[in-house]
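A.B. asks: Predicted model and sequence follow; I will ask about them next.
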Amino acid sequence: MAFSHAPASGSSSPAAVRIDSWLWAVRAYKTRSAATAACRAGHVRLNGNPVKASQTVVPGDTIRVRQPGFERILEVHVLIAKRVGAEAASRCYTDHTPERPPAPFLGLPQRDRGAGRPTKKDRREMEKLRGQREG
């Protein structure tokens, strides 16, 4: 089976690239299948509209990628279909993501000196404060 390769002409960027492939190539997702799944789940928007993984991108498009806890806003500059190093990938887009506010520091719970081991109830409350336990 023969594989097709990009033409060896002076053009370094392809004419059209699928959005899932581009997101994987610029390292927004660890795998292409993760990028495809994010498109299917509606976590990726192209110019404000939800997209399928097969949608093509062009320079100038704005891509919004919803990730846990925040949303990345990327403006496409260069089309690439193959994964490249982080430095080269960062040159393919402009990141317009607003800065995330720092997480509030609640401090560590303090126990009275000589109070002994925490009871099971105390331990549960401390775990709840640390975010290790729900409800």
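C.D. replies: That came through fine. Only a predicted model underlies this, so the values are computations on that prediction, with no experimental measurement involved.
A.B. asks: C-alpha only now, for contacts and for neighbours.
C.D. replies: Noted.
A.B. asks: pLDDT below threshold where in this protein?
C.D. replies: Residues of the chain meeting the criterion pLDDT under 70: 1-13, 106-109, 133-135.
A.B. asks: What segments of the protein are strands?
C.D. replies: Using DSSP state E, the strands of the chain run over 17-18, 44-46, 49-50, 56-57, 62-67, 70-76, 93-95.
A.B. asks: So what are the sheet partners of the last one and their directions?
C.D. replies: Its sheet considered, strand 93-95 pairs with strand 70-76 (antiparallel) by DSSP bridges.
A.B. asks: Can you give me the buried ones in the strand it pairs with?
C.D. replies: Under the neighbour-count criterion of 16 or more other Cα atoms under 10 Å, strand 70-76 has 72-76 buried.
A.B. asks: swap in stretch 73-91?
C.D. replies: Buried, per 16+ other Cα under 10 Å, within stretch 73-91: 73-81, 83, 89.
A.B. asks: what sits up against that stretch?
C.D. replies: 13-18, 21-22, 24-27, 57-65, 92-97 (Cα atoms under 8 Å, 6 or more residues apart in numbering).
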